[in-house]
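*Asks:* dropping the sequence and predicted coords here.
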Amino acid sequence: MTTPLTVVAPLLESLGLSPARPLVLIDVDEVLGLFMQGFGDYAATRGLEMRVDKFALFQNIYRPGESQHIDAVEGKALFDAFFAGHCDQMEPAPGAIDALNRLSDHAEILILSNAPAPAERLRTNWLRKHGLAHPLILNTGPKGPIAAGLVAQTMHPTAFVDDLLGNLDSVAEHSPTTATFQHVADLRLRPHAPASERHPRIDDWAQLGEAIEVAVRR
Ligand SMILES: [Mg+2]
């Protein structure tokens, strides 16, 4: 017999969230924030350019005039530097803040981001700068295990939003009662982002906010 891997999720109440209301888990990069744009702007300060022609990250970053993208090692270094020092520079996704403010009348909101640990302070500052007082959890790896640990603490409906099918599938598997939604904020990325019938894809935040509200009021 194998022992299932257990992820210890923080207590909702320790995060300032009430288990007596619905719970909505929201990703940051390409959901609440225009990550590709912010990361591309940072890459430009390092003499690089982003060409969004596929659903990828480092493979979209080039030296000007070159046709071969930068390699994974250089990409990872750029990525880490962005999160350690510059990830508070990106813009919110259009409509996201209004939608969250509306949703917070009906649900508790928890920001669940797979950013590297050094990003915690800047990412928190970024949320506060945009008037979002919701707690932030930085996660590593698929989001299903921690989502299941959080969702298990409430009897109320729950929802989860992410741009990546891997995270959406993971949450659907570990927490089957949670409503899952895919959102891809960057206009250039949308045509390249794979979708799945398993998770409604709603790229307009006003519509997404309404759909989440319906899901958590059921
Ligand atoms: Mg994301």
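*Replies:* Done, it's in. Numbers count the residues shown, from 1 in each chain.
*Asks:* ok and the residue in the protein nearest the ion?
*Replies:* Closest to the ion within the chain is Asp29: 3.9 Å, counting by C-beta to the ion. Bear in mind the C-beta positions are built from the backbone N, C-alpha and C, glycine included.
*Asks:* name the nearest residue to that residue, ignoring sequence neighbours.
*Replies:* Distance criterion C-beta to C-beta, 6 or more residues apart in numbering; nearest residue to Asp29, sequence neighbours excluded, is Phe35 at 3.6 Å.
*Asks:* same question, Met90
*Replies:* Leaving out its chain neighbours, the residue that sits closest to Met90 by C-beta to C-beta, 6+ apart is Gly38, at 2.7 Å.
*Asks:* so which elements touch whichever strand or helix holds the one you found?
*Replies:* Per DSSP states H and E, Gly38 falls inside helix 35-45. Taking 3 or more C-beta pairs under 8 Å, 6 or more residues apart in numbering; DSSP states H and E as contact, the helices and strands that helix 35-45 lies on are strand 49-50, helix 72-85.
*Asks:* with distance to Ser175 and mean neighbour count added, can I get these in TSV?
*Replies:* As requested, these are arranged in TSV below (distance: least, C-beta to C-beta, whole Å; neighbours: other C-beta atoms under 10 Å):
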stretch	distance to Ser175	mean neighbour count
strand 49-50	34	16
helix 72-85	27	16
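*Asks:* pipe these into JSON lines and attach distance to the ion and mean pLDDT per row.
*Replies:* Listed next are these as JSON lines, based on distance: least, C-beta to the ion, whole Å; pLDDT from 0 to 100:
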{"stretch": "strand 49-50", "distance to the ion": "16", "mean pLDDT": "96"}
{"stretch": "helix 72-85", "distance to the ion": "13", "mean pLDDT": "96"}
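*Asks:* any chance of a markdown table for the ones you listed, columns distance to Ala159?
*Replies:* Formatted as a markdown table, the helices and strands packed on helix 35-45 follow (distance: least, C-beta to C-beta, whole Å):
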| stretch | distance to Ala159 |
| --- | --- |
| strand 49-50 | 31 |
| helix 72-85 | 26 |
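*Asks:* to Tyr62, which of the ones you listed lies closest?
*Replies:* Proximity to Tyr62, assessed across the helices and strands packed on helix 35-45 by C-beta to C-beta, is greatest for strand 49-50 (5.6 Å).
*Asks:* counting by contacts, list what that closest one packs against.
*Replies:* Secondary-structure packing of strand 49-50 (3+ C-beta pairs under 8 Å, 6+ apart): helix 35-45, strand 61-62.
*Asks:* 7 Å instead?
*Replies:* The contact analysis (3 or more C-beta pairs under 7 Å, 6 or more residues apart in numbering; DSSP states H and E) places strand 49-50 against helix 35-45.
*Asks:* chain center to the helix it packs on, what's the gap?
*Replies:* 17 Å (C-alpha atoms, centre = their mean, to the nearest Å).
*Asks:* near the ion, which residues of the chain show up?
*Replies:* Contact residues, the chain versus the ion (C-beta under 5 Å from the ion): 27, 29-30, 163.
*Asks:* hang on, the earlier thing: wait, the residue nearest to Asp29 touches Asp27, no?
*Replies:* No. Phe35 is beyond contact range of Asp27, at 9.8 Å (criterion: C-beta atoms under 7 Å).
*Asks:* now the end-to-end length of stretch 199-209.
*Replies:* Distance across stretch 199-209, first residue to last, is 15 Å (C-alpha to C-alpha, to the nearest Å).
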